[in-house]
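Asks: sequence and predicted structure below; questions after.
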Amino acid sequence: AQSVTQPDIHITVSEGASLELRCNYSYGATPYLFWYVQSPGQGLQLLLKYFSGDTLVQGIKGFEAEFKRSQSSFNLRKPSVHWSDAAEYFCAVGRSNDYKLSFGAGTTVTVRA
Amino acid sequence: DTEVTQTPKHLVMGMTNKKSLKCEQHMGHRAMYWYKQKAKKPPELMFVYSYEKLSINESVPSRFSPECPNSSLLNLHLHALQPEDSALYLCASRHGPGDIYEQYFGPGTRLTVT
């Protein structure tokens, strides 16, 4: 069975500082990986996705993520955080011919002025 | 247009009430989902419809009854709910089976059961 681990429950970062959120997955075949962001009281918005090809993927809002097969990781990064990036971030993994996504537990990001 | 809409935005209902949540998408997606989300937790899958047929029911209690009248519309009928059913209910959609495509989520309905 596939699973996703987000080791950091809560991260606090200063505005303008860099941000990295960790995601590790467990899956036997090539995973399909996603990062979603959820602002308070809102739905989930897709930040970026990885299916195949270039292991460094660019997303919206200045985010990027790198797929590392050897480490079973798909970490999310942003060089300079804005106050509006304060939100809950979910990593998810899916597979072909399967409707389901497996979500990590989420990481709460707080941005301090 | 990558929008999934949900109504109502907020709903308060008593344990004896009957209410419905509505979800709509016009992206031509053929798979639609209902999720339940508690605070600070990831979404939990409830139901999946594929080509307007129920494909997955994650052992959801019968007080939740999904319906897919057409390819653009998904309803969730609620009856005799319990206070622990209070949560954010999210709808999502994606392209049909055969390939991995991302799911697009609606803004959710915040449900409070009193």
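Replies: Yep, it's here.
Asks: any idea which element the nearest residue to residue A:31 once chain neighbours are set aside lies in?
Replies: Once flanking residues are discounted, residue A:31 sits nearest to residue A:93: 4.8 Å by CB to CB, 6 or more residues apart in numbering or on different chains. Quick note: C-beta positions are derived from backbone N, CA and C, even for glycine. Using DSSP states H and E, residue A:93 sits within strand A:87-94.
Asks: just the CA atoms of that strand, as CSV, please.
Replies: C-alpha atoms of strand A:87-94 as CSV (Å, rounded to 0.1, in the frame of the first residue of the first chain):
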residue,chain,number,x,y,z
ALA,A,87,-1.5,27.8,5.2
GLU,A,88,-1.7,24.0,5.5
TYR,A,89,0.3,22.1,2.9
PHE,A,90,-0.5,18.5,1.9
CYS,A,91,1.7,16.1,-0.1
ALA,A,92,-0.2,13.4,-1.9
VAL,A,93,0.6,10.4,-4.0
GLY,A,94,-1.5,8.6,-6.6
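Asks: what residues does the next helix or strand after that strand touch?
Replies: Heading C-terminal from strand A:87-94, the first helix or strand you meet, by DSSP H and E, is strand A:101-103. For strand A:101-103, the external contacting residues (CB atoms under 8 Å, 6 or more residues apart in numbering or on different chains) are A:2-4, A:34, A:90-94, B:42-43, B:45, B:103.
Asks: dump the residue contacts of the most centrally placed residue in chain B.
Replies: By CA atoms, centre = their mean, chain B has its centre lying nearest to residue B:34, at 2.8 Å. By CB under 8 Å, 6+ apart, residue B:34 lies in contact with B:23, B:45-47, B:64, B:66, B:74, B:76, B:89-91.
Asks: quick one: neighbours of residue A:19, just the number.
Replies: Number of residues near residue A:19 (other CB atoms under 10 Å in any protein chain shown) recorded here: 19.
Asks: for it, grab phi and psi.
Replies: Torsion angles at residue A:19 (phi, psi; degrees, to the nearest 10) stand at phi -130, psi 140.
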